[in-house]
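Chemist: Quick one, what's the 3D model for this:
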Amino acid sequence: MRFPSFIKTNRGKLNFGDLDLIRRRFTRYLRPHWKSMAVAFLATIGAVLMNVLAPWPIKIIFDVVLSDHMAGTSIGQWFQTYAPGSGTALGIVCGLILLIALGQSIFAYFRDVILAQTGQNVVGKLRHDLFRHLQKLSPDVFESRRTGDLLLRMTGDIQMLRQVLVNACITLGENMLTIIATVAVMVWLNPLLAAVATATVPLVAWSSARISKRIQKATKSQREKEGFVASIAHEVFGAMTVVQAFNREKTELQRFARQNRSSIRAGVRTTRLEAKLFRIIALSSAVGLCGVLYIGVQSVLAGLMTTGDLLVFVAYVRALNKPMRKLSKLAGQTAKATACGLRISEILMIPPAIQDKPDAKVVARVNGRIELEDVTFVYPTRMPTVEHTQALNGVSLKVEPGERVAIVGRSGAGKSTLMKLLLRFYDPTEGVVRVDGVDVRDYTVSSLRDQIAIVQQDTVLFGLTITENIALGCESADNHAVRNAARMVGAHGFIKKLPKGYDTKLSERGTTLSGGQRQRIALARALLRPAPILILDEPVTGLDAESARSAEESIMMDPVKRITLVICHDLSSMKRFDRIVVLDHGSAVGIGTHDELLNRCDTYSTLYDAWRIHSLHPEPSEDPANADESERLAC
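Modeler: Here you go, the predicted structure:
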């Protein structure tokens, strides 16, 4: 099925050409439903036929029942033979009106139901594919985009695109068939009146082409502003405790109101353009109707046509107004859907930065030997005015199975970047990361990540039960294993006190729990996963001293013999690690035991002395999950 792009102006194509652009990008979502669309189109043809027949019973009433203008015609003779009385003829005409209305209802019902079912299936598949694609993208895509805007693309934009993908082709076909059939009958009845009635069509076509481009631009601006509104709401809701703690309610409301007003103005601008287009069509139709009435009445008075002919013709002129209005509305919907389709395509066209090689190997289980050889990494930025940031510079490191290694350094030294490279969130700019002597790029991404368990500093829990959250990385684990993991990190006690224990369903991001409770559940999740590599990013953040010691004991006494890499700012337990890696400005400036580094690594000595002073005079702690937000809001 090919969408026509038959109207052009010096300002560009009418949006039917944009429909073709949408078709090329998204038509594959319609192909599985071609049978349903064919049935819907056949129902549409039936509905068009009923619409064309609708005015004729009125002609029979005026030219047969109320007069004898059709006495010499086949229709008049039939009524004289089979319905000689006016009452009988009137009854037959009323029956025809009811039959035509019934046919219209049946055909329209099947068309609308089929289109609704197909539309929902297309939306579901497209949303599924968009969500799957988003999950494959690297973290920097989400760091550079607003979450609210992404959510708007997955919900509102897809719904608007559906109007064109599913409804537009049938709507276009229905209205074009209606116009063609109506004009054909009008030409058959009276060519002169048909020419008068359709004289304004070029004006309508030109106006649609001219205004539709402006509607598309206005809609794109409107959707972008709505994305900003959604993003601000998402941002504030996610940091409500910070907003309230700093008395930022009024300021955040003003920020939201500014964007909301901007979105409203953009929406009004789009509506004005649509109203302008409808007004032009209505006025053009009125001009055509006036011309038909002026010439038609004179023709009736001159005996050139019957009263019934004129009534049928006027009915067709008025009926022609409806598909013209629908086509103009379709032009506006095309503009909106094109803007939304481009926003969706923009995301779908972002290639995943990390992809499997064609010959990538699926690894069942590795021993866990890690090797970094001259690894340099530069974060790609999406802001052209900002230089690329070098996070690692020539780092070389070997970690043997079963070793416990601490990664220490100042903020921004590259500790978390090292972990992201192991998980293959990014590939190194230079150098090689190996696991069991094999470049990690030679493994499939999913099988590589199956070998790693991780606890992030910013604890992430889902709106699932506690059991499901702990078993997130090991879905085959039974309840006994889940409870053992919770006991190892001291979480069993507080979980049993919850209303439904382990079956308690958490709120979004687990906010119904304290920071320390969330951290312990994340630790239990990592320890439950039988992966040969365990990565812990500040694993005792948010825990009190007793809970921190208990968690550290659990980590050190982990029964699974695996590599344990721990990012630390707290240097109290450094003697318990087999080795310590000291990073400074992206370089590994020292590797060794605690005592060795104190003697020969100035950076480590400085860090350790600073930690000792801080431990003697601690400052109030800050929840790391809200640290960046607090700083932004305080400025």
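Chemist: after the helix ranked longest in the chain, next one along is what?
Modeler: Identified as the longest helix of the chain according to DSSP state H is helix 249-301. Downstream of helix 249-301, the next assigned helix or strand under DSSP states H and E is helix 307-348.
Chemist: Need the contact partners of the helix or strand following that next one.
Modeler: Sequence-wise, the next helix or strand downstream of helix 307-348 (DSSP H and E) is strand 370-379. The contact list for strand 370-379 (CB atoms under 8 Å, 6 or more residues apart in numbering) reads 140, 388-399, 414, 417-418, 421-422, 426, 428-435, 437, 533, 563, 565, 586. For every residue, glycine as well, the C-beta is placed using N, CA and C.
Chemist: Relative to strand 370-379, what are the paired strands and their orientations?
Modeler: Sheet pairing here is set by DSSP bridges, and for strand 370-379 it gives strand 389-399 (antiparallel), strand 430-435 (antiparallel).
Chemist: how is this protein carved up into domains?
Modeler: According to automatic domain parsing, the chain comprises the domains 16-348, 404-451+534-635, 458-530.
Chemist: wait, which of those domains is closest to residue 368?
Modeler: domain 404-451+534-635 (4.5 Å; CB to CB).
Chemist: which one is residue 117 nearest to, not counting chain neighbours?
Modeler: residue 36 (7.0 Å; CB to CB, 6 or more residues apart in numbering).
Chemist: Please tell me I have it right and residue 433 contacts residue 421.
Modeler: Yes. Contact status for residue 433 versus residue 421: in contact at 5.4 Å, counting by CB atoms under 8 Å.
Chemist: coming back round to it: of the contacts of strand 370-379, grab the buried ones for PyMOL.
Modeler: Here is the PyMOL command that selects the buried residues among the contacts of strand 370-379 (16 or more other CB atoms under 10 Å):
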select buried, resi 391+392+393+395+397+399+414+417+418+421+422+426+428+429+431+433+434+435+533+563+565+586
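Chemist: Neighbours of the residue nearest to residue 367 when sequence neighbours are not counted, how many?
Modeler: Spatial nearest neighbour of residue 367, chain neighbours left out: residue 401 (4.9 Å); criterion: CB to CB, 6+ apart. A count of nearby residues for residue 401, using other CB atoms under 10 Å, gives 15.
Chemist: swap in residue 495?
Modeler: Per other CB under 10 Å, the neighbour tally for residue 495 reads 24.
Chemist: how near is the residue most central in space within the chain to residue 129?
Modeler: In the chain, the C-alpha nearest the mean C-alpha coordinate belongs to residue 154, at 1.7 Å (CA atoms, centre = their mean). Going from residue 154 to residue 129 by CB to CB, to the nearest Å gives 11 Å.
Chemist: returning to that earlier point: surely the residue nearest to the centre of the chain touches residue 132?
Modeler: No. Counting by CB under 8 Å, residue 132 is not a contact partner of residue 154; they are 11.4 Å apart.
Chemist: what angle separates the helix or strand harbouring residue 227 from helix 249-301?
Modeler: Residue 227 belongs to helix 201-238 when assigned by DSSP H and E. If you take axes from the mean of the first three to the mean of the last three CA atoms, to 10 degrees, helix 201-238 sits at 160 degrees to helix 249-301.
Chemist: Helix 201-238 to helix 307-348, inter-axis angle?
Modeler: Angle, helix 201-238 to helix 307-348, by the same axes, to 10 degrees: 40 degrees.
Chemist: What is the neighbour count of the nearest residue to residue 266 once chain neighbours are set aside?
Modeler: Excluding the flanking residues, the one nearest residue 266 by CB to CB, 6+ apart is residue 222, at 3.8 Å. Neighbours of residue 222 under the rule other CB under 10 Å: 22.
Chemist: distance of residue 222 from residue 422?
Modeler: For residue 222, the distance to residue 422 (CB to CB) stands at 43 Å.
Chemist: Equivalent analysis for residue 333, please.
Modeler: 48 Å.
Chemist: if we can go back for a sec, would you tell me which of the strands paired with strand 370-379 gets closest to residue 31?
Modeler: Residue 31 lies closest to strand 430-435 among the strands paired with strand 370-379, at 41.6 Å (CB to CB).
Chemist: Name every strand pairing with the helix or strand just after that closest one and say which way it goes.
Modeler: Using DSSP H and E, the helix or strand that directly follows strand 430-435 along the chain is strand 438-439. Neighbouring strands of strand 438-439 in its sheet, by DSSP bridges, are strand 430-435 (antiparallel).
Chemist: what sits against residue 350?
Modeler: Here residue 350 is in contact with 133, 137, 141 (CB under 8 Å, 6+ apart).
Chemist: number of nearby residues for the last one?
Modeler: So that's residue 141. For residue 141, the tally of surrounding residues (other CB under 10 Å) stands at 16.
Chemist: Retrieve the pLDDT associated with it.
Modeler: Here the pLDDT value assigned to residue 141 is 79.
Chemist: Not counting sequence-adjacent ones, nearest residue to it?
Modeler: Leaving aside its chain neighbours, residue 141 sits nearest to residue 350 (6.3 Å; criterion: CB to CB, 6+ apart).
Chemist: how far away is the one you found from residue 137?
Modeler: According to CB to CB, residue 350 and residue 137 sit 6 Å apart.
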